[in-house]
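1. Give the three-dimensional model of this entry:
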Amino acid sequence: RRKYHQKSGKGNRLYIPAIIDKKILKNSRIRLYITEGEKKSLCASQAGFTCIGITGLWNWKIKGTDELIADFDSIELAGREIVFIPDSDYRDKTKNLLQAVERFARALQLRGATVSIVNLPHSEESKTGLDDFLVGYGAEPFNKIKPVKVEMEACFRIEKGKLHYYDITSVKLRDDEGKLTGEEETVYKKPVVIASAIQILAYTRNGEQQNWGRLIQWDDKDNHIHQWAVPMEFFSGDAEAVRHYLLSHGCYINPIHKFRSLLNIYLQTTNPDGNKRARCTDRTGWHGDSFILPTGRIGKNTEELIYQGQSDAVTSLAGELSDWQQSIGKWCINNSRLTLAVCTALTAPLLYPCNKENGGIHFRGPSSIGKTTILLAGSSVYGGHEYKQQWRATVNGLEGIATAHNDLLLVLDELSESDGKDAGATAYMLANGQGKGRANRNGDSCRRKKWRTIFLSSGEISLSDHIRADGKKIKAGQEVRMVDIPADTAKFGIFEDLHGHNDGAGFSRAIKDATAQHHGHLGVSFIRMLAENRDEVETFVKRITDEFMKAVDKGADGQIMRVATRFALLAAAGELATSFDLTGWPKGWAVKAAAICFGAWIESRGGVMPHEEREMLAQVRRFFENHGTSRFAPWEQPDMTVINRAGFRRKSTDSDDSFDYYVLTETFRQEICTGLDMSATTRLLKNRGILIPGKERDASTTRLPSMGPTKCYHITSKIMEA
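-> Next comes the predicted model:
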């Protein structure tokens, strides 16, 4: 025998014991008892009470509304006295079932019934149900428990696809002859439509028990369901931001001011069914084993996770993955830069599971060779053309943009549109993964914005050139954090294979059209596969990166190795997606494309020399290029007038066309080595055979023309070859 008459999964129904005649249900003069559960109502009916059962304290209503289920239509409720007997634990605050009882009472009152509640005796050890009481004590003691009348109160109710507000008023009673009796009765006024049927699904809060909000849901006129975890801070003031969001997403709101205020009250005070809770986050990306997107969660988690960001979704879907594979995916083959952009996008969600650092890839080259097209291809992994952002933004604005792209690709177009003095700091900030520290009104430190991201950039100039144009110096850390790749492949602009198109411009247009029509599915599918295969992902990535790094010279500088590691990760991301059958690329193509682009980076930077050494040599050489004849007196003509003399020049023994330079110490220190580490500079020059040191110091004592024995720095002609 099954335990209950009603089968699981059949929807909410009333249980009406067979011994209750249908005529009794239609007779409003007979008191009707309602209790919680089939067995309890059957026990009460056998004890002589007209008692029916609901299968749970929330099971009296149609899901998503406050309307009574259809079974109540068989009962005459108007003018009827109804006594409700819930289990004794309904007042337990931890269970919070009181709201279910109260809302049930309102639904019955609106049908014209008067409602009272019997509070059964309760103990902390165990709850008491109606059947427990009747079996233990009998019907007579039960009749001695005085029911508590539920007074009528104003209320909000979701009915017929709208949110209604029922206010109450008092009316004077009259006798059968129409004369006033002097008594009054509380009744409900005609309801007012406040808004669309907005359901309160759950309380939301973050892992630190902060950023409280409410998860709400509504349908637009096309019956499309919208959900939004609205932060409670949005209700400060007159909650205009809340109404703006709701209206722009198809929610109707009564425009009359007093009813708009009622909507604010409803959204702030109405409790979700069962006091349901969910964890919220204002960041996309990995949270445990789940990946949060503004459009939903991917993966499993012990508690429901909700995106509660303060901006619209950055990701979007269009077309199908197969369409993307047959267009953009196929066109990536034999196009290294196009492939690298997609690999960069795929790398972003790998940073967390593989414990890798942030960084950026910058495509640099002249106008109209396809740089923006490459960015659109990378953007298509997660969204359409609107996914692409601009460098032309404040540092504070980019903090918010980066936070909204946590564990996702960040795309920034046109580096030259940013302020040169901020570009380097911005690259540092994006790569370091956190914003500036700030204080609130009280002087306390605010929580820093943090993110994990790979950013994809483009511009006609490199970051180093942009910084130098503003009179600043490029730092090694900036160059490593944002890797500058020449966009021009010397074939068809940024492309190497046009895949049957007439020219680069036509191919670029085809890519733009395809990315507008087919986007978003690759990123979602890749993240889903990562979530389902977390244990194998790290092993796969390590194998690919190790193989890639084997081809890099083990004696290479640390900066080179660090950039090589990033290219290895990009290659691994592409190969991983290919192994999931997501890209349509042949095995090994992502590695080959990354290697081609890595080689282009090495070539464009002038070899594998560390950045600091290149800067030292460049600065020293530049001084002699600019002042070799104007500020150095000829050795053979020491009395020649030289303005602002820096030293002497003497023909090199190696060649008649080259010179050695004897630089006066203060000039060397204050002009040639300004802004440099002098010890490191002299050490580098000595190691390269450019500086001939003295017996004990870097400066040697040399008998200079017209000056006699003088300490100076002997720079050989090799400086012009450095």
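
2. can you pull the buried residues of stretch 323-330?
-> For stretch 323-330, the neighbour count (16 or more other CB atoms under 10 Å) marks 323-325, 327-329 as buried. For glycine as for every other residue, the C-beta is placed from the backbone atoms N, C-alpha and C.

3. Could you tell me the average pLDDT over it, please?
-> Stretch 323-330 shows a mean pLDDT of 97.

4. Keeping just the C-alphas, turn it into CSV.
-> What follows is stretch 323-330, C-alpha atoms only, in CSV (Å, rounded to 0.1, in the frame of the first residue of the first chain):
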residue,chain,number,x,y,z
ASP,A,323,27.6,27.4,-37.6
TRP,A,324,30.5,29.0,-35.8
GLN,A,325,32.7,26.0,-36.5
GLN,A,326,31.8,26.1,-40.2
SER,A,327,32.7,29.8,-40.5
ILE,A,328,35.0,31.3,-38.0
GLY,A,329,36.4,28.0,-36.7
LYS,A,330,37.3,26.8,-40.2
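
5. quick one on the thing from earlier: adding secondary structure, write the buried residues of stretch 323-330 out as a markdown table.
-> What follows is the buried residues of stretch 323-330, written out as a markdown table (DSSP: H, G, I helix; E, B strand; the rest coil):
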| residue | secondary structure |
| --- | --- |
| Asp323 | helix |
| Trp324 | helix |
| Gln325 | helix |
| Ser327 | helix |
| Ile328 | helix |
| Gly329 | helix |
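
6. Tell me the one among those nearest to Asn275.
-> Trp324 (43.0 Å; CB to CB).

7. need the contact list for Leu305.
-> By CB atoms under 8 Å, 6 or more residues apart in numbering, the contact set of Leu305 is 278-281, 287, 290, 292, 297.

8. Narrow these to those in strands?
-> 278-281, 287, 290, 292, 297 (DSSP state E).

9. what's the closest of the residues you listed to Ser579?
-> Set against Ser579, the nearest of the ones in strands among the contacts of Leu305 by CB to CB is Ser290 (22.5 Å).

10. Tell me if I'm right that that closest one and Gly299 touch.
-> Yes. Here Ser290 reaches Gly299: they are 4.0 Å apart, a contact under CB atoms under 8 Å.

11. any residues in contact with both of those two?
-> Common neighbours of Ser290 and Gly299 (CB under 8 Å, 6+ apart) are Ala531.

12. Show me the helices in the stretch 101-250 of the chain, by range?
-> Using DSSP state H, counting those that start in this stretch, the helices of the stretch 101-250 of the chain run over residues 130-137, 139-143, 240-248.

13. I'd like to know which of these is closest to Phe659.
-> Nearest to Phe659, of all these, is helix 240-248, at 70.8 Å by CB to CB.

14. So what's the model's average confidence on the closest one?
-> Averaging pLDDT along helix 240-248 gives 93.

15. Would you check the distance separating it from the middle of the chain?
-> 21 Å (CA atoms, centre = their mean, to the nearest Å).

16. Show me which residues of it are buried.
-> Here helix 240-248 shows 241-243, 245-246 as buried, counting by 16+ other CB under 10 Å.

17. which ones are touching the most centrally placed residue in the chain?
-> What sits nearest the mean C-alpha location of the chain, by CA atoms, centre = their mean, is Thr284, with 2.2 Å. Thr284 makes contacts with 291-294, 307, 309, 314, 404-408, as judged by CB under 8 Å, 6+ apart.

18. among those, which ones are buried?
-> Here, 16+ other CB under 10 Å leaves 291-294, 307, 309, 314, 404-408 buried among the contacts of Thr284.

19. Could you list which of those belong to helices?
-> Among the buried ones among the contacts of Thr284, the ones falling in helices (DSSP state H) are Ala404.

20. and which of the buried ones among the contacts of Thr284 is nearest Ala377?
-> Of the buried ones among the contacts of Thr284, the one sitting nearest to Ala377 (CB to CB) turns out to be Leu408, at 15.5 Å.

21. is it true that that closest one touches Ala348?
-> Yes. Applying CB under 8 Å, one finds Leu408 in contact with Ala348, separated by 5.2 Å.

22. list residues touching both of those two?
-> Shared contacts of Leu408 and Ala348, defined by CB under 8 Å, 6+ apart, are found at Thr453.

23. Columns pLDDT on top of the buried ones among the contacts of Thr284, output as CSV?
-> CSV is the format used below for those (pLDDT from 0 to 100):
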residue, pLDDT
Phe291, 92
Ile292, 88
Leu293, 87
Pro294, 81
Tyr307, 80
Gly309, 67
Val314, 85
Ala404, 88
His405, 92
Asn406, 93
Asp407, 95
Leu408, 95
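
24. Among the buried ones among the contacts of Thr284, which one sits closest to Gln210?
-> Closest to Gln210, out of all of the buried ones among the contacts of Thr284 and judged by CB to CB, is Gly309, at 14.8 Å.
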